[in-house]
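*Asks:* here's my sequence, what's the structure:
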Amino acid sequence: MTTKLFSLLFLIFTCFAFGQEVNVKGTVTDQASGQPLPGVNVLVKNTAKGASTDFDGNFEIKNVEVNSIILFTYLGYKDQQVLVKNGDALNVVLIEDTESLDEVVVIGYGSQKKRDVTGAVSIVSAKTLKEFQPIKVEQALQGTVAGVTVTSQSGAPGAGLDIRIRGIGTNGAAGPAVIIDGYVGDLSILNPNDIESITVLKDAQAAIYGTIGANGIVLITTKSGKKNQKTTVSYNTYTGFQESSNRLNLLNASEYALILNEGYAADGQTAPFPNISNLGEGTDWQDEILNSAVPIISHDFTVSGGSEKITYAFSGSHLYQQGIIAPKKSDFRRNTARLSLGADISDKLRLKVNAIYTYIDRDAVNDSGLGSVLFNALNAPATLSAFDTNGQPTLFPNSPGLGIEIINPIAQIQNTFNDFDSRKLNGTVSLEYDILDKVTLTSRVGFNTTNSEGKNFRKEVDFGGKVFDVPRSSVSQNAINDNDYSLDIFGTYNDVFNDDHKVAFTAGTTVYKQFGNGLFATGFDVPNNSWEFADIALALGTSDARDVSSYAYDERRLSFFARAQYDYKGKYFFSAMLRRDSSTRFGPGNRVGFFPSATAGWIISDEGFFDDVNSVNFLKLRASYGILGNDQIGNNGYVSLLNGEGAYVFDDTLVLGQAIGVLPNEDLQWEEAKKFNVGLDMKFFNNKVDITTDYFINVRDNLLIGNIPVSGITGVFAPGSGSPTFNAGVVENRGFEFAIGYRDNFSDDFSFGINYNVTTLQNEVLEVNNSTGFIEGGSFGVGQLAPSRMDVGNPIGYFYGLQTDGIFQSQAEVDAHPSQLDLGAPSAPGDIRYKDFNGDGNIDANDRTNIGDPIPDVTMGLNLNFKYKGFDFVAFTFASIGNDMVRNYERTLTDVNRLNYVLDRWTGPGTSNTVPRVTNGATTNNVFSDFFVEDASFIRIQNIQLGYTIPLAITEKFSISKVRVYGRIDNLHTFTEYRGFDPAASNGAPIGGGIDAGFYPVPRTYSIGLNLNF
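*Replies:* As a prediction, this is how the structure comes out:
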């Protein structure tokens, strides 16, 4: 009877316990500082019931069943679960996870804890992205990651950015591969606020990607929902205005007339401006085309959350930016929509879906080089008016002094019409299945499909007898479809033996295919000579040449890969990788390549002999070596194709036919990147100081070099033809990386962080195995020899020209110096004196030598952040030291405008030994030499930002968990001695980069923004 009574009481108590409800309240604090954490998500697990902590870290959830589990989640901290036993207050301490060694790092086909990584891997966290808030994703890598440089091709809206990891190792495609959630993607499609983290693989760690890893890998992980997280909504917006960050020091009208008169007089001609006293400043053509208060605006939102088995995130964004040159005709619009879903279909089967849709609309003007809007503005005389008496753009004289290409840039803008639209859908669908407790099989399909349309209208217009006159209107349109997909199937085995031996093995296969087509057509005689009627369906006129063309391509890769990882006692690490790639870009005999690599690591601080070193919290030694492949060349280089143009005469009639295109090379084989790296990771003083150092040697062998010089008899100069591609070179990059960071909370209200990184780089060409021993590239002036070169013993793409030796001060000096007549004209006092480099007693093209290098010797980044109560401040800076740039935006005609350095010209013995005389006569002063090469070293304040977060005690009354307002300035100032607009600009060419033909300046942007979380 007693037993039954106790059983009954126990049953009643148990039912009461499970059914009892209590109010749960408490406080959440930070372990490191002891300070309360506002905005922490507090959720009753497996329910929708929850709350957020207030400004003092307090929370309360009513009517919670006893024995429920409360889940605490907060960005940058480890999740924590607490069992509800009664109604007592809960004091929860969260441990920071963002910078911890337990942070999970994506390394390709898997992940590792940060402390276990043995390769040269850098991470840009969500926190850094949140602080930087870049307009483009690439900007987040500049100055934040050692060994990575980002250069702008132009400051025009939507212009491309080039990423280089540890220098340039090839004369072909030199940018890293981008992997977005497991598939090969494109950074331009992303809204930066959709990114959770960026991981950069710089050494042999990238070998798991084989053929696309030679230039490094940028891994993007986008944001997703979290399990057992209530639905959260975030909204971000900013709006601002842009202006030119720099102006060139050009001659005003009076100065221009003075110099022009002097030049004419020196050649015995009549001065064109007898009276210069009334000319004044004249027209400032930079003011005419460089606009201020040019708008930029951005909006984006994200909805995310999750239950026990489902996670979701959906986001959308809109970015619109006008250009500081021709704002209405130079603009960029990007709209994105992104979906991320995760589902635990069963205890063993998981589904993940990521998809991004991007719409891009870009309009542009000619923004670089000879004939560009900026080039015309810089060379336009200040004495000419922008508009005539009728309010129309002035026609520039068609005179020998101005040539036939300098036109009014305002008229050029008015008569520019084009449009480009692109629609992209990218994403992955993956399934993970736990075959056994320790074996997981993953199948993933990645896809990209892009449809783009372009239209360019050439209006019938007369610029005054210039080369850009359009006597007959025309419209050119194109439709391009590009696609690729990948299928990855791989398995992973993880196990631990005897507590000390941890192993992981990954093996799988990848199928990758690229295919697409393009169609191009041109129609003439556009109705009404108007953009509104510019369509090939209406423009029915034709030319004597072919008005329609097309192309199609289909390239594939099949790969197999394996990786073994071993960890002994959590302090000795080793991994080995092997990848077998086959590519249709090579012939049958050379299609397959094998790429092995290995990495190792030793956590020295875990050794017993390190116990007494109190100041060092962590010390790890890393080393790696691997061989990676590269097949990034044109399609079908190993076979002859009839894609050239052939013109034949039959019965006195010209017939257009086909001819052999680019000459083939059936012996083409894989380019190889051999990468060695040794590094140290260190943490000091209670993990407040973080140091990473690396020394690397990258050797690129069997360079795939296009346009190999061959005899003209082979037909390489025919339309559609070209020289073949050969494996014909070796390039080495070696350098040192050092990064240090400090972070601390000095008081309850104040925290501070600083990060600094520096990279040294030495680039050298070791072999060029073509018929000439060198490869040329780039262009300077009109009709001059190529200014850039690649040959043994010099950096790739160095500047090759004459070396100056001051200015001739007298005829006696001219007579005593080797003759410079072979350069095109006799020398006279006031002309540039060149060095007889080869010592043959004559100055000619054979005296050219290395006169500069566009590759910087040292790059640095310095980033600051601090928080005081509700205020936060960040500043990002970047420096490049030792890079040179060629000044090529000055036309060498007599009547064009010039930079004001010409005011320091030679006017007689002893007046100048740097700037030559002014003359309209023939001289050798414009021959490419170091006179046109300038030190383009710079320090740039990239971004400063000041924000304020409204106290949660105020915002929670409106059911808002965060309200932050901020102001920021991008591209605040560049400290440099370079005369051009932007010392950091480049066209991205390995041979021919660093030549400034009038780069569109990167704008300075002032903006205010708002961050909201609900």
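*Asks:* pLDDT below threshold where in the stretch 651-800 of the chain?
*Replies:* The model of the stretch 651-800 of the chain has pLDDT under 70 over residues 654, 661, 711-720.
*Asks:* redo that, cut-off 80
*Replies:* 651-665, 705-724, 747-748, 771 (pLDDT under 80).
*Asks:* which residues of it fall in strands?
*Replies:* Secondary structure of the stretch 651-800 of the chain (DSSP state E, counting those that start in this stretch): strands at 653-659, 671-684, 689-701, 704-705, 726-727, 729-745, 750-768, 774-777, 788-791, 798-801.
*Asks:* and the longest one, what does it pack against?
*Replies:* Counting contacts by 3 or more Cβ pairs under 8 Å, 6 or more residues apart in numbering; DSSP states H and E, the secondary-structure elements packed against strand 750-768 are strand 729-745, strand 788-791, strand 858-868. Every residue, glycine included, has its C-beta placed from N, CA and C.
*Asks:* point out where the stretch 201-350 of the chain drops to low pLDDT.
*Replies:* Ranges of the stretch 201-350 of the chain meeting pLDDT under 80: none found.
*Asks:* what do you get for the stretch 451-600 of the chain?
*Replies:* For the stretch 451-600 of the chain, the stretches with pLDDT under 80 are 544-546.
*Asks:* can you pull out the helices in it?
*Replies:* Along the stretch 451-600 of the chain, no segments are classed as helices by DSSP state H, counting those that start in this stretch.
*Asks:* can I get the strands of the stretch 651-800 of the chain in a markdown table with distance to Leu141?
*Replies:* Below are these laid out as a markdown table (distance: least, Cβ to Cβ, whole Å):
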| stretch | distance to Leu141 |
| --- | --- |
| strand 653-659 | 44 |
| strand 671-684 | 19 |
| strand 689-701 | 16 |
| strand 704-705 | 26 |
| strand 726-727 | 31 |
| strand 729-745 | 13 |
| strand 750-768 | 11 |
| strand 774-777 | 26 |
| strand 788-791 | 26 |
| strand 798-801 | 25 |
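*Asks:* the ones you listed: which one's closest to Asn366?
*Replies:* Closest approach to Asn366 among those is made by strand 774-777 (21.6 Å; Cβ to Cβ).
*Asks:* how about the CA coordinates for the closest one, as CSV?
*Replies:* The C-alpha coordinates for strand 774-777 follow below in CSV (Å, rounded to 0.1, in the frame of the first residue of the first chain):
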residue,chain,number,x,y,z
PHE,A,774,61.0,39.1,-74.7
ILE,A,775,57.3,39.9,-74.8
GLU,A,776,56.0,43.4,-75.4
GLY,A,777,52.8,45.1,-74.5
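*Asks:* elements contacting that strand?
*Replies:* Looks like strand 774-777 contacts strand 788-791 (3+ Cβ pairs under 8 Å, 6+ apart).
*Asks:* phi, psi of Thr914?
*Replies:* Taking degrees, to the nearest 10, you get phi -130, psi -40 for the backbone angles of Thr914.
*Asks:* can you check Ala812 too?
*Replies:* Per degrees, to the nearest 10, the backbone of Ala812 is at phi -60, psi -40.
*Asks:* same check, this time on Glu131
*Replies:* Dihedral angles (degrees, to the nearest 10) for Glu131: phi -70, psi -40.
*Asks:* spit out the contact partners of it.
*Replies:* Taking Cβ atoms under 8 Å, 6 or more residues apart in numbering, we find Glu131 in contact with 865, 874, 945.
*Asks:* ok, and the most crowded of those residues?
*Replies:* Val874 (22 neighbours; other Cβ atoms under 10 Å).
*Asks:* now for the helix or strand hosting that residue, which elements pack on it?
*Replies:* According to DSSP states H and E, Val874 maps onto strand 871-881. Applying 3+ Cβ pairs under 8 Å, 6+ apart, one finds that strand 871-881 contacts helix 126-132, strand 858-868, strand 938-949.
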